[in-house]
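In: Pasting the sequence and the predicted coordinates here, then a few questions.
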Amino acid sequence: MKITIGRKDGEPLSFDAHPGEKVLHAALRNKLVVPYECATGTCGSCRAKLVNGDLSPGWVDAPGRKALKVARGEFLMCQCVAQTDCDIRIPAKVTVQESTLPLPQHLTGRIGGFSKLTPDVISFEVTLDHEVGFQAGQFMVLQLPDIEGTRAYSMVNFATRTNYLDFVIKQFKGGKGSSWFFDQSPQDCEVSLFGPLGHAVFEPHLEHDLLLLAGGSGIAGMMAILQHADQIGYLQTNNIDLIFGVRSVPDIFYLPVLRAHASKYPESLRISLALSDEPDSADAPAISDQLSDLPANLKITRGFVHEHIDDARANANTMAFIAGPPPMVDASIREIIVGKGFSTEQIRYDKFA
Amino acid sequence: MSWKVVCANADVEDNAIKLFDVEGVSILVARVGEQYAAYPPVCPHMEEPLEGSGICAKGKLTCTKHLWQWDMITGKAEPGPAESPLLMYEVRTEDGQVMVNLEKELEYDFDDDDDDDDDDY
């Protein structure tokens, strides 16, 4: 199918979509820069308008459809598939990607390696049929067998080219994708993916100091950034502060890796684990009794992530990365703009509602 | 001209925004020092209510949804993601009160059903 995007400020841009391919995937795969965030039907950022042609609606209960004016032909590019050649309009500037960054593509692989990290956090891996390139901080959209809709997960690992992807997922009670992982944990099952996606990427050549703010499974992309930074010696010349929020001591995960990073970079890396629900009473065991031998630059504190931002190192050259539940992301953005005086160009995040 | 009283000067804290209803029209009033501005209550990007999602710092208003940012008094877009300015009501202060020229309710073109010119696209 041929899809044409009409533009106010330039010639129309056309691209081909495979039969059954979502409009967003086809556009991105063809190097077009179009708006999107979650790419899974939740946020509504990829809304567009059908001018001519026929589209199938995709996931009709997608939360991102709530704000659409369907009667006016509005649709979500991440959900809809062209049934005929289509003319569409997009309420944003559409350009052709000029960078040489890896283009997202359709991938297949096998899912497995399930490992329970805490009572409600699982890590899993996908072995792709061929190698891909991506940037630390990016994510893949996964289509799980027999589950309607797609799910987005950020890569925990980083390699310049790899066919191995490491992911982490937090249990969401009642979530179909979540229960697929937690109840079934099917080993060696085929899965289709689209990616890499996401704008909140680590660009080492910019030589920023980094402020990494993560809540729960939002730590995934931060782990990839730390791995990439470690691989290239980034912490020899730049500082990184990581604040990682979980509920309580039993909810902490990735501690061995974080401990190893912290030990290797005692000055340039500072890590705070912020515990929002850790009991603070005479009866509760002290945190220090539960976790011993931590390096001085890996601290365990009580409170929410945004409550510890004030203690983090920051300057005009600092780039903040934020990932986690929307309330955590919003509170953190507020704190770094109002409290730390960051400009909006010093903030990168992908918000998954 | 149809000047209406929106609030007392002191009703809006310095470097802050506050939402008011003036004869059924929602108006967001911004204050920086003794300067005031008034605009529609939503972000021109995706209609996010700015009273909840907007944050004020150093004379700039930022929508936390996608980090669109404007000068609080001029409404001009700051460098960064913002692609359009805020629509501005004419404002004056008189006898300790903030007044706006409410000749017509200002609204962003979000492609309303009865609108065929499709400026948003």
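Out: Yep, that arrived. Residues are numbered from 1 along each chain as shown, chains lettered A, B, ... in the order given.

In: after the helix or strand hosting A:Ile322 comes which helix or strand?
Out: Assigning secondary structure by DSSP states H and E places A:Ile322 in strand A:318-323. Downstream of strand A:318-323, the next assigned helix or strand under DSSP H and E is helix A:326-334.

In: pLDDT at the residue in the stretch 151-300 of chain A positioned nearest to chain B, what is it?
Out: Nearest residue of the stretch 151-300 of chain A to chain B: A:His199, at 10.2 Å (CB to the nearest CB). From N, CA and C alone the C-beta is placed, and that goes for glycine too. Per-residue pLDDT puts A:His199 at 88.

In: Three-state assignment for it, please.
Out: Under DSSP: H, G, I helix; E, B strand; the rest coil, the three-state class of A:His199 is coil.

In: Give me the neighbour count for it.
Out: When neighbours are counted by other CB atoms under 10 Å in any protein chain shown, A:His199 registers 12.

In: contacting residues for it?
Out: By CB atoms under 8 Å, 6 or more residues apart in numbering or on different chains, the contact set of A:His199 is A:Arg348, A:Asp350.

In: how far away is it from A:Gly339?
Out: Relative to A:Gly339, A:His199 is positioned 24 Å away (CB to CB, to the nearest Å).

In: Now the residue of the stretch 151-300 of chain A closest to chain B. Its backbone dihedrals?
Out: Main-chain torsions, A:His199, degrees, to the nearest 10: phi -100, psi -20.

In: Please report how far it lies from A:Asn315.
Out: Distance, A:His199 to A:Asn315, using CB to CB: 23 Å.

In: Same question for A:Leu258.
Out: Remark: distance between A:Leu258 and A:Asn315 (CB to CB) = 24 Å.

In: Which one's more surrounded, these two?
Out: The neighbour count for A:Leu258 versus A:Asn315, taken as other CB under 10 Å, is higher for A:Leu258 (23 against 11).

In: buried set for stretch B:54-71?
Out: Neighbour counts over stretch B:54-71 (16 or more other CB atoms under 10 Å in any protein chain shown) mark B:54-57, B:60-71 as buried.

In: now, which of these sits nearest A:Val60?
Out: Among the buried residues of stretch B:54-71, B:Lys65 lies closest to A:Val60 (CB to CB), at 24.4 Å.

In: Not counting sequence-adjacent ones, nearest residue to residue 101?
Out: I went with chain A, as the question did not name one. Sequence neighbours aside, A:Gln135 is the residue nearest to A:Leu101 in space, at 6.8 Å (criterion: CB to CB, 6 or more residues apart in numbering or on different chains).

In: wrong chain, I was asking about chain B
Out: Using CB to CB, 6+ apart, the closest residue to B:Asn101 is B:Glu90 (3.8 Å).

In: For the one you found, give me the pLDDT.
Out: Here the pLDDT value assigned to B:Glu90 is 97.

In: still on that earlier bit, three-state assignment of the residue nearest to A:Leu101?
Out: coil.

In: Ramachandran coordinates for it?
Out: Reported as degrees, to the nearest 10, the phi and psi values for A:Gln135 are phi -110, psi 150.

In: now B:Ala10
Out: Torsion angles, degrees, to the nearest 10, at B:Ala10: phi -80, psi -10.

In: Could you check how far the residue nearest to it when sequence neighbours are not counted is from A:Thr127?
Out: Distances taken as CB to CB, 6+ apart put B:Gly96 closest to B:Ala10, at 7.4 Å, once the chain neighbours are dropped. Relative to A:Thr127, B:Gly96 is positioned 70 Å away (CB to CB).

In: Mind checking which of these two has more residues around it?
Out: A direct count of neighbours by other CB under 10 Å for B:Gly96 and A:Thr127 places A:Thr127 higher, at 14 against 9.

In: Sketch out the low-pLDDT regions of the stretch 151-300 of chain A for me.
Out: Along the stretch 151-300 of chain A, the parts satisfying pLDDT under 70 run over A:281-285, A:288-290.

In: Show me what the helix or strand harbouring A:Leu107 is packed up against.
Out: Using DSSP H and E, A:Leu107 sits within strand A:105-118. When contacts are defined as 3 or more CB pairs under 8 Å, 6 or more residues apart in numbering or on different chains; DSSP states H and E, strand A:105-118 packs onto helix A:23-29, strand A:121-132, strand A:162-170, strand A:189-197.

In: can these go into a markdown table with extra columns for distance to A:Glu74?
Out: As requested, these are exported to a markdown table (distance: least, CB to CB, whole Å):
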| stretch | distance to A:Glu74 |
| --- | --- |
| helix A:23-29 | 13 |
| strand A:121-132 | 32 |
| strand A:162-170 | 31 |
| strand A:189-197 | 22 |
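
In: can I get these in CSV with distance to chain B?
Out: Compiled in CSV, these are given as follows (distance: least, CB to the nearest CB, whole Å):
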stretch, distance to chain B
helix A:23-29, 15
strand A:121-132, 27
strand A:162-170, 23
strand A:189-197, 16
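
In: Mean neighbour count, the ones you listed: which tops it?
Out: Most buried of the helices and strands packed on strand A:105-118, by mean neighbour count (mean count of other CB atoms under 10 Å in any protein chain shown): helix A:23-29, with a mean of 24.

In: Report the strands that pair with the helix or strand just after that one, each with its relative direction.
Out: Scanning forward in sequence from helix A:23-29 by DSSP H and E, the next helix or strand is strand A:32-33. Here strand A:32-33 has these sheet partners by DSSP bridges: strand A:95-96 (antiparallel).
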